[in-house]
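[1] Take this sequence and fold it.
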Amino acid sequence: MDNQTQNNFQVILITWKRKELLRKCLKSLQEAGIDFKTQLILVINGRDSEAVDMLESEYPDLGYEQINRASPAEARNHALSQSSSPWIFFIDDDSWVDNDYFTKASKVMNSLSEVAAFGGPDLTPVDSNLFQSAIGKTLTSPMATASTRYRHRDSKKINSEPVECNEKKLILCNLWINSNVLKKHDLNFPSELGRNEENVLLHQLEKLGQKLYYVEDLAVYHQRSHEFSNVFRKAWLSGFYRMKSFLVEPSSIELIFFIPALFVLYLFSIFLCICPLYLIPVGLYLILVGFFSIRTGSISRPKELGLIIILHIVINIGYGLGSLSGLIKKDAY
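    Numbers count the residues shown, from 1 in each chain. Have a look, this model is predicted:
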């Protein structure tokens with residue numbers, strides 16, 4: 001990167017108790033040309049002695065700040081207040097970039113200098129195990145992630161041209177935001193949300209007539225979960241905070257996000273009805289899960305296909321239960 005490009009953006013990285021993944025993320029940023037002294041704003045969101053020891057030992061010249069434990073949105077807003085660049089790149093501590101990532105991003109910044117935000121997908125790392133690979137493929141299924149599946153899509157025909165989009169195509173671990181636009185409209189991440197905070201912010205920008213763009217070949221790699229319980233937890237939190245985001249921004253309500261909750265209610269109601277015909281929706285659901293699992297997986301890999309089928313069900317039920325909880329509970333836990 002040339003000096004002009006380096007002065008045009010800063011990277012915001014929030015971390016907490018993921019030392020090894022943080023190390024991998026930092027290594028990728030450094031190899032991609034980020035100047036840690038001027039371009040990186042690193043915030044440790046809570047007490048984390050392991051991360052501090054690693055940073056002091058391996059990156060003694062890297063500046064960082066450790067704050068009292070706060071919501072991820074609050075931590076990002078705090079980091080935003082430290083920034084002085086026109087563009088901000090948000091990446092999660094469990095994600096990393098290729099060496100040419102910022103070369104690609106600089107071209108997009110130059111061509112879309114007046115837009116509010118842009119970003120690309122998060123891909124499953126090539127060295128992932130069978131379970132993680134199955135998660136990555138499941139996340140691209142319409143049956144699992146509906147209209148947000150493009151956030152994880154690894155297309156066979158990569159398109160390098162920016163395409164106008166809405167918040168459902170953008171993801172926080174690979175998100176570029178124009179800080180001048182945020183300042184102009186006095187916007188930041190809604191601090192009351194523990195997840196999905198970027199969806200509200202991006203929707204608010206859309207309401208103001210600001211443009212968002214999706215760039216398919218501007219991808220990061222995102223560590224996938226290692227076990228079903230983590231997949232369920234993430235789906236539950238996504239459902240919970242999607243409902244909470246509707247309270248923050250009612251104009252973002254869409255019926256599609258309520259379907260998993262309605263399906264879970266239907267499953268509960270089965271115990272009250274013994275009529276065989278009442279089970280027809282279950283059969284149709286399993287047929288659709290099988291169909292989309294085969295589309296995203298492969299019959300030639302039966303173990304992975306089996307995992308994809310189960311993961312569809314775990315994600316759907318987890319999201320549905322989380323959505324129901326979000327409608328009746330104040331806090332996630």
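[2] just the strands in the stretch 151-300 of the chain please.
    Counting by DSSP state E, counting those that start in this stretch, the stretch 151-300 of the chain has strands at residues 163-165, 175-178, 212-214, 220-222.
[3] Can you give the contact residues for the second one?
    Translated: strand 175-178. 9, 86-90, 105, 108-109, 114-119, 198 (CB atoms under 8 Å, 6 or more residues apart in numbering). (Each C-beta comes from the backbone N, C-alpha and C, glycine too.)
[4] neighbouring strands for that strand, and are they parallel or not?
    The strands beside strand 175-178 in its sheet (DSSP bridges) come out as strand 87-92 (antiparallel), strand 117-119 (antiparallel).
[5] looking at those, which is buried most?
    Each of the strands paired with strand 175-178 was assessed for mean neighbour count using mean count of other CB atoms under 10 Å. The highest is strand 117-119, with a mean of 28.
[6] Sheet partners, orientation included, of the helix or strand just after that strand?
    Tracing the chain C-terminally past strand 117-119 and defining elements by DSSP states H and E, one meets strand 122-123 next. If you go by DSSP bridges, strand 122-123 pairs up with strand 220-222 (parallel).
[7] Determine how far the partner strand lies from the middle of the whole chain.
    With CA atoms, centre = their mean, to the nearest Å as the basis, strand 220-222 stands 10 Å off its chain's centre.
[8] And F257, how close does it get to D61?
    Applying CB to CB, to the nearest Å, one obtains 45 Å for the distance of F257 from D61.
[9] So for those two, which sits in the more crowded spot?
    Between F257 and D61, F257 has the larger neighbour count (other CB atoms under 10 Å), namely 21 against 6.
[10] what separates I313 from T138, distance-wise?
    Distance from I313 to T138, by CB to CB: 10 Å.
[11] which of those two has more neighbours?
    Summary of the neighbour comparison: I313 and T138, criterion other CB under 10 Å, with T138 having more neighbours (28 against 15).
[12] Span of stretch 161-173 from start to end?
    Taking CA to CA, to the nearest Å, the first and last residues of stretch 161-173 lie 20 Å apart.
[13] Stretch 65-83 now?
    In terms of CA to CA, the two terminal residues of stretch 65-83 are separated by 13 Å.
[14] what are the ranges of the helices in this structure?
    Here the chain has its helices, by DSSP state H, at 3-6, 19-31, 49-58, 72-81, 101-111, 130-138, 142-145, 179-185, 197-207, 228-248, 259-269, 280-296, 302-328.
[15] from what I can see L42 touches Q66, true?
    No - with contact defined as CB atoms under 8 Å, L42 does not count as touching Q66 (9.6 Å).
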